[in-house]
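Enquirer: Need coordinates for the below:
(chains A and B)
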Amino acid sequence: MNYFKQIIYEMKHQRMMTWVSVSGTALSIFLVMAFFITDNFSSVDVAPETSRSRVLLGEGVHIKEGDRYDSSGMSITLKLAEKIYTGLDGIERISFVRGDKSAEQLSVAGAEPFVADGRKVDAEFWKIFDFKFIDGKPFTDSKAAAAERAVVLTRSAARRLFNEDKVAGRDIEIRMIPFHVVGVVEDVSPLLDNTYGYYFTALDKEQFRSTESDDAIFGSLKVILKMKDGVDAAYIKEQVKNRYDRFGAELKQNGKELIYHDQPYTGEELTLFFGSNNSPDIKSHNRQQWIIYALLLLLPAINLSSMTRSRLRHRVSEIGVRRAFGAKKVDIIGQLLGENLLITCMGGIIGFLFCILFLYLASHLFFEMGGSFESSLEVLNVRPDFSMLFRWQNFLIAFIVCFILNIVSATVPAWRASRRNPAEAISGTH
Amino acid sequence: MKRKLIKQMCREWRDNIWLILSLMVVFTVVWGGLWFIHAEVYGLFLPKGFDCTDVYSLNVRMIEESSPYYEEEGKDGESMRGDFEVLLRRLREHPTVEAVMYHWGALPYNYNFMGNNLTVADDTIPKYYGNMREASPEIVDVIKLKSLTGSTPAQLKEMLRRGELLISDNEDFEEKGYDPISLKGRKVFIGSDTAKLYRIGDVIENVRRNDYEPAWAGTIIKPDDSSWGQVAVRVKPGMGKKFEEAFKDNKELRISRNVFLTELESMSDMREANQRSIEINIRQLIVLVSFVLLTIFLGLLGTFWFRIQQRVGEIAIRKICGATRRNILGRVLSEGLLLLLIAAVISSVILWIFVIPGLLEKIGASESSEWWIKTLWIELIALGLVAAGIVLSLLYPAFRAMNIEPALAVKSE
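Expert: Below is the predicted model:
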């Protein structure tokens, strides 16, 4: 108890110092956490993408023909997608989806038409992701659903068209073609790039097969893979690389070279916007992030350290008395670090809360978030859900950051203070 | 005085080394931040060659056969083109509309780049390289192209109607010693298609891809009648909202048999979306620079606060011996600024030897004396900013020192 009393006394006595230390720490935690949290939006599990660490995206093909031809694209043909991604060991489910979200006009008699992003997905898509159905259910047979023009709407789309949520069984028009609503799901955040959309229509593989030419490579499909629990992405990548090598050997006979770019991609890799003719460089991204974290932590730590050193000079006599009465060096260091940790944590809490508020209100203005290259303004202006911000992992990291900041800024001054000779310290000859 | 200051600073060498280290980092980050901000924003101050205020973009779509609205009579290509012309006419006649063009990817605020070479027939002039924008002649009015030779918009449109090309100023071409204006009236072919020759109608201001990215090739405007996947509409000033409402309410403006216009988007929204990534970079750099400045502000404020508290006795004696308030202020400020000077000199040596040459080479400006001078200026501005931060942070502790009552301070000692 005395311990806390002393800390509070010190803080009251040195108001200026307390204010400077707390605000410096708050600023540092604010920025470190802002970078950390936004960097992790790509891997946070949030409905309907509740197992993102197990989901990989198979896309991208890059072909070269000497200096004459160099072409690449994100979407591939069904034939190639099946050749590369079906039957892989360690995969629980595989879904084929159209590569791009297409913006189409949605309309219904009596309501104003509007343009919204939609997806074409197969029945497996609904089993990989955890959509919450408010009404109706997902389609289970892609071919039949495509034939009867089934569509699943999000809550927002249903409200905009019908002013109500439960609209399964009703009819709408997409690009002036009638569709039948089979289900309504909860809205999906644009931050979830595999599932975001306002409506979902059925993808019929047979239809694609009949329209694709045999030797085509660039198509309009992507593959979503859900790994079995405990399987490592590297294991899947290795198998896919072998398939690329095999297919590459076939192409080589025609003088073409197939270049493998680390497919299939994790959510983290996909945020790097590397294009279809490059490999995601996660190492360099991580290195860059570590430099930012180090800078944001070290700079305040150096300043806090020199302030702590100055502050401890005022307490030399007190430390001398305590040492003279038998306090061990470890006790002195422990107390000084504890005191400092309390100030750091105060700053940490303030910085963390401001960070959450800031990210909720303005993260889209300071961090690249929802959507991919050339997304619409609506997608770019997305706000993260509170569930993405208030995660126990974020609190834990914030505390660890405070602890590191404390250790870096206070250990040396505390250690030096504890080494003073008690007699010299009391007499003031320091 | 100076010797005493240095002696005193040497006595506190441990604290000062930390301060110098942190000032070195601060100075480097502020310099780097300002340098990158400058590299991102200098394009804003260059002419961009277009004006997209009050411009809207639309996509052209066809009703599919499976739609109940599909009309059999309008299914052949000629009928579709006819229906498209009907839509264009309705838009042009609308009271809110000033000009209408059709095109495919010719508007700014997207990252399309259709690199094409123009070769002057029967001459050895180097090839002219530029981004080709294919559109109907009304592009002149919709995005307001500007002639560099004084031609009026009506004259530019007439040239495009005659099938002539418009080209822009072009840094690369000029560096090779040729003026694009000298190509006016010359016959050129595009790429390797020597069979078709085009006359260069006029030279215009380079149409950049957005407000930030400087032009890195020329612009070629080619009249094109076959690309009508997109439409752009310039509305009369201040009539944007009225046009949006009219487009929503009036089906006649949107659809003619099997052809319909959709995805109405204002160019100001497209601009914001297109430049978001660049603006985020700039904002992050500004935050970083502000952060380090604020950190050093707080750090120095705290450290000098204690230093002044420790030196109460010394300051009191100096005051008794005749030091004025100004002397005391000068002493505190010189200590901070001297620390910055040491940090800046060490950082500069490292930066100019190891960092700056590589940086300039990376942006292809290692031989540009303009960039070397700019870099030096940016360094001086960074030095000024950090110095201002230091002075601000030291003012409060310095005022405390100036207000020390000598008699009381010495008595308490």
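Enquirer: give the contact list for the spatially closest residue to B:Val259 that is not a sequence neighbour.
Expert: With sequence-adjacent residues excluded and distances taken as Cβ to Cβ, 6 or more residues apart in numbering or on different chains, B:Val259 is closest to B:Asp83, at 4.1 Å. (Each C-beta comes from the backbone N, C-alpha and C, glycine too.) Contact analysis of B:Asp83 by Cβ atoms under 8 Å, 6 or more residues apart in numbering or on different chains lists B:Gly74, B:Ser256, B:Arg257, B:Asn258, B:Val259.
Enquirer: List the contacts of whichever residue of the stretch 201-350 of chain B sits closest to chain A.
Expert: The minimum distance from the stretch 201-350 of chain B to chain A, using Cβ to the nearest Cβ, falls at B:Gly299 (2.7 Å). B:Gly299 is in contact with A:Gly24, A:Pro300, A:Ile302, A:Asn303, A:Leu304, A:Ser306, A:Met307, B:Leu19, B:Ser22, B:Ser393, counting by Cβ under 8 Å, 6+ apart.
Enquirer: In three-state terms, label the last one for me.
Expert: Three-state assignment for B:Ser393 (DSSP: H, G, I helix; E, B strand; the rest coil): helix.
Enquirer: Which parts of the stretch 1-150 of chain A are strands?
Expert: Under the criterion DSSP state E, counting those that start in this stretch, strands of the stretch 1-150 of chain A are mapped to A:55-58, A:61-65, A:69-73, A:91-98, A:102-107, A:114-121, A:133-136, A:150-154.
Enquirer: mean pLDDT lowest for which of the ones you listed?
Expert: Among the strands of the stretch 1-150 of chain A, strand A:69-73 has the lowest mean pLDDT, at a mean of 76.
Enquirer: Give the buried residues for that one.
Expert: Neighbour counts over strand A:69-73 (16 or more other Cβ atoms under 10 Å in any protein chain shown) mark A:Ser72, A:Gly73 as buried.
Enquirer: ok, it: who's next to it in the sheet?
Expert: Strand A:69-73 pairs in its sheet with strand A:61-65 (antiparallel), by DSSP bridges.
Enquirer: who touches residue 205 in this structure?
Expert: No chain in the question, so chain A it is. Contact analysis of A:Lys205 by Cβ under 8 Å, 6+ apart lists A:Leu78, A:Phe96, A:Asp122, A:Ser142, A:Lys143.
Enquirer: try chain B instead
Expert: If you count contacts by Cβ under 8 Å, 6+ apart, B:Glu205 has them with B:Pro47, B:Gly49, B:Leu145, B:Lys146, B:Leu148, B:Ser168, B:Asp169.
Enquirer: How many residues are close by the last one?
Expert: B:Asp169 is flanked by 19 other residues according to other Cβ atoms under 10 Å in any protein chain shown.
Enquirer: Over to the second one?
Expert: The criterion is other Cβ under 10 Å. On that basis, B:Gly49 has 20 neighbouring residues.
Enquirer: Distance-wise, check it relative to B:Arg208.
Expert: B:Gly49 is 6 Å from B:Arg208, where distance means Cβ to Cβ, to the nearest Å.
Enquirer: For the residue lying closest to A:Glu206 once chain neighbours are set aside, give me its contacts.
Expert: Leaving aside its sequence neighbours, A:Glu206 sits nearest to A:Lys143 (Cβ to Cβ, 6+ apart; 6.2 Å). By Cβ under 8 Å, 6+ apart, the contact set of A:Lys143 is A:Ala202, A:Asp204, A:Lys205, A:Glu206.
Enquirer: Only whichever of those residues are buried, select them in PyMOL.
Expert: Entered in PyMOL, the line below selects the buried ones among these, by 16+ other Cβ under 10 Å:
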select buried, chain A and resi 202+204+205
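Enquirer: B:Gln155 contacts B:Leu166, correct?
Expert: No. The criterion here is Cβ atoms under 8 Å, and B:Gln155 misses it with B:Leu166 at 10.7 Å.
Enquirer: okay, and the common contacts of the two?
Expert: Joint contacts of B:Gln155 and B:Leu166 (Cβ under 8 Å, 6+ apart) are B:Asp202.
Enquirer: Does the nearest residue to B:Ile139 once chain neighbours are set aside lie in a helix or a strand, and which?
Expert: Nearest residue to B:Ile139 in three dimensions, chain neighbours excluded: B:Met101, at 4.9 Å (Cβ to Cβ, 6+ apart). Assigned by DSSP states H and E, B:Met101 falls within strand B:97-103.
Enquirer: Could you point out the helix or strand that follows that strand?
Expert: In the C-terminal direction from strand B:97-103 (assignment by DSSP H and E), the next one is strand B:115-120.
Enquirer: how near is the residue in the stretch 201-350 of chain A that chain B sits nearest to to B:Val292?
Expert: Closest approach between the stretch 201-350 of chain A and chain B, counting by Cβ to the nearest Cβ: A:Asn303, at 2.7 Å. From A:Asn303 across to B:Val292, the span is 10 Å (Cβ to Cβ).
Enquirer: Those two: who's more crowded?
Expert: Set A:Asn303 next to B:Val292 and count neighbours by other Cβ under 10 Å: A:Asn303 wins out with 28 against 24.
Enquirer: ok so, going back, how much space between the residue nearest to B:Ile139 and B:Pro95?
Expert: From B:Met101 to B:Pro95 the distance is 19 Å (Cβ to Cβ).
Enquirer: before we move on, back to that, quick one: which helix or strand includes the residue nearest to B:Val259?
Expert: When elements are assigned from DSSP H and E, B:Asp83 belongs to helix B:77-93.
Enquirer: measure A:Ser23 to A:Gly351 for me?
Expert: The spacing between A:Ser23 and A:Gly351, counted by Cβ to Cβ, is 9 Å.
Enquirer: just B:Ile320 next, same as before
Expert: Remark: distance between B:Ile320 and A:Gly351 (Cβ to Cβ) = 45 Å.
Enquirer: Compare those two and say which is more crowded by neighbours.
Expert: Neighbours per residue (other Cβ under 10 Å) separate B:Ile320 from A:Gly351, with A:Gly351 holding more: 26 against 12.
Enquirer: which regions of chain A sit below the pLDDT cut-off?
Expert: Scanning chain A for pLDDT under 70 picks out A:1-3, A:67-68, A:110, A:273-275, A:369-375, A:427-430.
Enquirer: In it, spot the helix with the most residues.
Expert: Counting residues, the longest helix in chain A under DSSP state H turns out to be helix A:329-366.
Enquirer: now that helix, how far from the chain's geometric center?
Expert: On the basis of Cα atoms, centre = their mean, to the nearest Å, helix A:329-366 sits 23 Å off its chain's mean C-alpha point.
Enquirer: helices or strands next to it in the packing?
Expert: Helices and strands touching helix A:329-366, by 3 or more Cβ pairs under 8 Å, 6 or more residues apart in numbering or on different chains; DSSP states H and E, are helix A:2-13, helix A:15-39, helix A:316-324, helix A:386-389, helix A:392-418, helix B:267-310.
Enquirer: what's the most buried one of these?
Expert: Of all the helices and strands packed on helix A:329-366, helix A:15-39 carries the top mean neighbour count, a mean of 22, counting by mean count of other Cβ atoms under 10 Å in any protein chain shown.
Enquirer: does the helix or strand B:Arg326 falls within come close to chain A?
Expert: In the assignment (DSSP H and E), B:Arg326 maps to helix B:325-350. No. Applying Cβ under 8 Å from any Cβ of the partner chain, one finds helix B:325-350 separated from chain A by no less than 11.2 Å.
Enquirer: Quick one: list the elements packing against that helix.
Expert: The contact analysis (3+ Cβ pairs under 8 Å, 6+ apart) places helix B:325-350 against helix B:2-11, helix B:13-41, helix B:267-310, helix B:312-320, helix B:369-402.
Enquirer: To B:Phe189, which of the ones you listed lies closest?
Expert: In terms of Cβ to Cβ, the element of the helices and strands packed on helix B:325-350 nearest to B:Phe189 is helix B:267-310, at 32.3 Å.
Enquirer: Next one, pLDDT for B:Pro237 please.
Expert: On pLDDT, B:Pro237 comes in at 96.
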